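Undergrad: next come a sequence and a model predicted from it.
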Amino acid sequence: MEHIHLETKNLSFTYPDGTEALRNVNIKIKRGEKIAIMGPNGAGKSTLFSHFNGLSEPTSGHVEIDGEKIVYERDDLLKVRQKVGIVFQDPNDQLFAPTVKEDVAFGPMNLGLEYDEVNARITESLEMVGMSGFEDKTPHHLSGGQQKRVAIAGIVAMRPEIMILDEPTAGLDPEGVDKVLNILNKLNDEGMSIVISSHDIEMVNHFADKIFVLYNGEIIAEGDKHQIFSDKELLKKAHLKAPVTTEILYKLKENGLNVDSEKISIEETVEEILKAKKINL
């Protein structure tokens, strides 16, 4: 039986002013999956994420971690936050200590770990994200990409089983994006379930096993990247752009070439074009 790691059941959330932010959201995340949640700004992605580790309490419906409902009591929430780590979009919301080392130490110390264990985790986490040697630097003197990696290290140090990242590559240059993706893939290889929100179609295209599209607080589609990115109407509705490769295949199709517009990777796209060329020669 497949292990459902995190699940929301008819999760709805209404702000005190009556704004419905989430409506009947049903999501299942299996252990070890790489999931992307996509949607326009204001769709409710950050609100949804704040429910995954009990930062917000649903107005109705509930969240289950490993089949157990989240209970909104201090000790229970501490356990949930050991299992589910969240990296916020803006590292400044997360980095507040005078040095990188103290920042990364914050989570493990809250878990009540021994001094030696905390130190070991600082070293290990910074190594994992390629930030060894920055222990005594001030987080605010680092570049955006470096800050992001330190924020990830701070969560990795708590050794969660599920890692939630809100727009993990926002504002990073291509090299920064690659570095963050490599970290996430490495963590996933070690068995961690990863959930990201993103606008970056090309990045999601490289990363996610499964995509949920959130629009106006509702999940309007779910599927793998081939299903989601080849659905032009859906992308239009959710204000998402198709990957460049999809656009190329659509154009070829419109011009009468027999190509499969569900192909996504550059390799597959080239293959489709060459096949079509052979047929038309």
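TA: Yes, it's here. Since this is a predicted model, take the numbers as computed values, not measurements.

Undergrad: now do the helices in the chain.
TA: 45-52, 74-83, 100-110, 115-128, 144-156, 174-189, 201-207, 225-229, 232-237, 244-254, 266-280 (DSSP state H).

Undergrad: can you redo the ones you listed as CSV with mean neighbour count and mean pLDDT?
TA: The way it works is simple: take the backbone N, C-alpha and C, and place the C-beta from them, glycine included. Output for the helices of the chain, formatted as CSV (neighbours: other C-beta atoms under 10 Å; pLDDT from 0 to 100):
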stretch, mean neighbour count, mean pLDDT
helix 45-52, 22, 95
helix 74-83, 15, 91
helix 100-110, 21, 94
helix 115-128, 16, 96
helix 144-156, 24, 95
helix 174-189, 16, 93
helix 201-207, 20, 87
helix 225-229, 21, 90
helix 232-237, 14, 90
helix 244-254, 17, 85
helix 266-280, 14, 81
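
Undergrad: want to throw the ones you listed into JSON lines with distance to Asp260?
TA: Conversion of the helices of the chain to JSON lines gives the following (distance: least, C-beta to C-beta, whole Å):
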{"stretch": "helix 45-52", "distance to Asp260": "30"}
{"stretch": "helix 74-83", "distance to Asp260": "40"}
{"stretch": "helix 100-110", "distance to Asp260": "46"}
{"stretch": "helix 115-128", "distance to Asp260": "39"}
{"stretch": "helix 144-156", "distance to Asp260": "36"}
{"stretch": "helix 174-189", "distance to Asp260": "26"}
{"stretch": "helix 201-207", "distance to Asp260": "16"}
{"stretch": "helix 225-229", "distance to Asp260": "9"}
{"stretch": "helix 232-237", "distance to Asp260": "15"}
{"stretch": "helix 244-254", "distance to Asp260": "7"}
{"stretch": "helix 266-280", "distance to Asp260": "6"}
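
Undergrad: what's the closest of the ones you listed to Val25?
TA: helix 45-52 (6.4 Å; C-beta to C-beta).

Undergrad: gap between the closest one and the chain center?
TA: Distance of helix 45-52 from the chain centroid (C-alpha atoms, centre = their mean, to the nearest Å) equals 11 Å.

Undergrad: list the contacts for the residue nearest to the spatial centre of the chain?
TA: Nearest to the mean C-alpha position of the chain, counting by C-alpha atoms, centre = their mean, stands Ile196 at 0.8 Å. By C-beta atoms under 8 Å, 6 or more residues apart in numbering, the contact set of Ile196 is 34-37, 164-168, 184, 204, 207-208.

Undergrad: can you check Glu271 too?
TA: Glu271 neighbours (C-beta under 8 Å, 6+ apart): Lys263.

Undergrad: go again with 10 Å.
TA: Val259, Asp260, Lys263, Ser265 (C-beta atoms under 10 Å, 6 or more residues apart in numbering).

Undergrad: I'd like these laid out as a markdown table, including pLDDT, distance to Lys69 and neighbour count.
TA: Output for the contacts of Glu271, formatted as a markdown table (pLDDT from 0 to 100; distance: C-beta to C-beta, whole Å; neighbours: other C-beta atoms under 10 Å):
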| residue | pLDDT | distance to Lys69 | neighbour count |
| --- | --- | --- | --- |
| Val259 | 84 | 47 | 20 |
| Asp260 | 83 | 43 | 15 |
| Lys263 | 77 | 41 | 21 |
| Ser265 | 79 | 39 | 13 |
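
Undergrad: ok, of the residues you listed, which one's closest to Val87?
TA: Looking across the contacts of Glu271 and measuring by C-beta to C-beta, the closest to Val87 is Ser265, at 27.0 Å.

Undergrad: the residue nearest to that closest one when sequence neighbours are not counted and Asp178, how far apart?
TA: Take Ser265 and drop its neighbours on the chain: the residue closest to it by C-beta to C-beta, 6 or more residues apart in numbering is Thr245, 7.0 Å away. Going from Thr245 to Asp178 by C-beta to C-beta, to the nearest Å gives 19 Å.

Undergrad: also His5?
TA: His5 is 26 Å from Asp178, by C-beta to C-beta.

Undergrad: now do Leu126
TA: 19 Å.
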